[in-house]
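Participant: Provide a 3D model corresponding to the input given below.
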Amino acid sequence: MDNFFAEIEVATQVKLPPPAVLPLAAAMRISVGATKQWGPVLAAIFDRTVPSWAGVSAKLTRRLLVDPVTLRSFSCSSFDEANYPNFRFSAEFTHCDAAEVLNMTWTQVAPIEEAGELVLEKAGTARFAQRIHVLNIAKRHVATGEAAWRIGCSSDEVRRVMRDYPNVERRVAGWDRYSFDRTFGRL
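Facilitator: Modelled structure (predicted):
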């Protein structure tokens, strides 16, 4: 793994990045609420078809900076487990993995949990959610990061912009995917 990460970092650009770059972790939140295409995205960074720049964070997904526009082709599809029939996927997501699928930070998941939409169970110090429940919530929910990307504004402006669209139903921590897609088009 260390060699892989070192090679990824070698693939980063040394020139100054354009102003629209985001940490890879944030840029991946613009994708449709589903499991993410991490493998293909990292492979594209590795082979330099997706340009990246080095930031300063200790965590790789926060240190790698990318222009979210270069990830559009990855954002409209999700990881397809059917392509790996011999691999046994867990029936549960960790709290952080659930947040990723929902295009949120782990702290943004709290309102969904408090509303009873998502049940996180404790196992020692870890918290887990049933995978099927998380994926079902993702099918019904558009989070702020995805909404910002789809309507062409910053995450800070989404709530203000969405006030102009009262027909898009507000959910606990985002918007109803059906009414959002009906208003802005489906990906």
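Participant: what ranges does this protein have for its helices?
Facilitator: 2-10, 24-28, 38-46, 60-63, 72-75, 95-101, 110-114, 131-140, 144-151, 158-162, 177-184 (DSSP state H).
Participant: can you check which of those helices gets nearest to Trp53?
Facilitator: helix 60-63 (9.5 Å; Cβ to Cβ). Where C-beta positions appear, they are placed from N, C-alpha and C, glycine not excepted.
Participant: so which elements touch that closest one?
Facilitator: For helix 60-63, the elements it packs on are strand 22-23, helix 24-28, judged by 3 or more Cβ pairs under 8 Å, 6 or more residues apart in numbering; DSSP states H and E.
Participant: so which bits of the longest one are buried?
Facilitator: In this case it means helix 24-28. Across helix 24-28, burial judged by 16 or more other Cβ atoms under 10 Å covers 24-28.
Participant: distance check, Thr94 against Ala44.
Facilitator: 26 Å (Cβ to Cβ, to the nearest Å).
Participant: which strand is the longest one in the chain?
Facilitator: Longest strand of the chain, by residue count under DSSP state E: strand 126-130.
Participant: quick one: mean pLDDT over that strand.
Facilitator: Across strand 126-130, pLDDT averages out at 93.
Participant: now do stretch 177-187
Facilitator: Averaged over stretch 177-187, pLDDT sits at 89.
Participant: that older thread, of Thr94 and Ala44, which one has the most company?
Facilitator: Ala44 (20 against 16; other Cβ atoms under 10 Å).
Participant: and that one, what pLDDT?
Facilitator: For Ala44, pLDDT reads 88.
Participant: so what's it up against?
Facilitator: Taking Cβ atoms under 8 Å, 6 or more residues apart in numbering, we find Ala44 in contact with 50, 74.
Participant: got it, and Ala91?
Facilitator: For Ala91, the contacting residues are 130-132, by Cβ under 8 Å, 6+ apart.
Participant: for these, which one is nearest Pro40?
Facilitator: Arg131 (20.7 Å).
Participant: I'd assumed Phe93 was in contact with the closest one.
Facilitator: Yes - assessed by Cβ atoms under 8 Å, Arg131 is found in contact with Phe93 at 5.3 Å.
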